[in-house]
Structure formats: C-alpha cells, structure tokens
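Novice: Give me a 3D structure for the following:
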Amino acid sequence: MTTWITICDTCKREGWDQTDMARTDGEALAALIEARVAGPVATRRVSCTMGCERACNIIVQGKGKIGYSLGRFEPTEEDAQAIVDYAAKHAASDTGQVPFREWPLGVKGHFVSRHIPLPE
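Specialist: You can find the predicted model right below:
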C-alpha cells in the first residue's frame, strides 16, 4: 500500500524575503523529496497545510494507517532524505507506527501531530 508524503509548497521559512524569492522553501523541499521517492512512497504537493509558523511542513499518511504531520524542515538534501527514509518505514509498517529507535535522526524533533485513521 502506498504511503504519501504531502508537501506544503507554499511554506516560507523566516528570512525567505531576503532571498531571490524565485521559489518558496516548500517548493525547494518538494523538489528534493520528489527526486528521492521510490517504491511504495509517493508525493503530492498542496498549497498550505496551515502550519506557517513551523515551515517547512509535510504530512506522512497511508490508507488505514496512523498519519503524522511534521514541520520545521529546511529545504536541504539531508532533510529531504530523512523524510523519504521515514516514509519508507511508515510504508513498511502495517499500522503506520515506526518504533522511535528506527526513526531517521533527521525527523526526530519535527513531529507536530498524529492523525488516527478514519473508520472504515
């Protein structure tokens, strides 16, 4: 079953307006994540997940599984890889829960909320 990484492509980190503003931080992070996904992990972009104070934000979710909102990422190769690695572990889990000891270091401290699956 597919695990989805939903990426807020309108996220702007503090100081964004001091850059060339060619693209948002969310767009930059999305491109880095999209270049890394494979197998049972897919991506989609949305405009605003309403977590602006925690930019950059993503959501990891799969049908019938616990999902998670994560934030405070930077549009870097390291953060993108940690997100994809975590999503792969989520995809491999029957429930969506991944033991803390298996979390990539790059996602620790970034969890915002857990979403219980909808009833069937």
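
Novice: for the biggest helix by length in the chain, packing partners?
Specialist: If you go by DSSP state H, the chain has its longest helix at helix 77-92. The elements that helix 77-92 packs onto, with contact taken as 3 or more C-beta pairs under 8 Å, 6 or more residues apart in numbering; DSSP states H and E, are strand 3-8, helix 25-34, strand 41-46, strand 58-62. (C-beta placed from N, C-alpha, C; glycine too.)

Novice: C-terminal to it, what's the next element?
Specialist: Along the chain past helix 77-92, the next helix or strand (assigned with DSSP states H and E) turns out to be strand 111-115.

Novice: Taking strand 58-62 as reference, get the angle to that following strand.
Specialist: In terms of direction (axes from the mean of the first three to the mean of the last three C-alpha atoms, to 10 degrees), strand 111-115 departs from strand 58-62 by 30 degrees.

Novice: now what about strand 111-115, what contacts it?
Specialist: By C-beta atoms under 8 Å, 6 or more residues apart in numbering, the residues outside strand 111-115 that reach it are 51, 54, 57, 59, 61, 66-71.

Novice: repeat that with 6 Å
Specialist: Applying C-beta atoms under 6 Å, 6 or more residues apart in numbering, the external contacts of strand 111-115 come out as 66-71.

Novice: wait, which of these is closest to Leu118?
Specialist: Looking at the contacts of strand 111-115 and their distance to Leu118, the nearest is Gly67, at 10.0 Å (C-beta to C-beta).

Novice: Quick check: the gap between that closest one and Glu14.
Specialist: Computed with C-beta to C-beta, to the nearest Å, the distance linking Gly67 and Glu14 is 27 Å.
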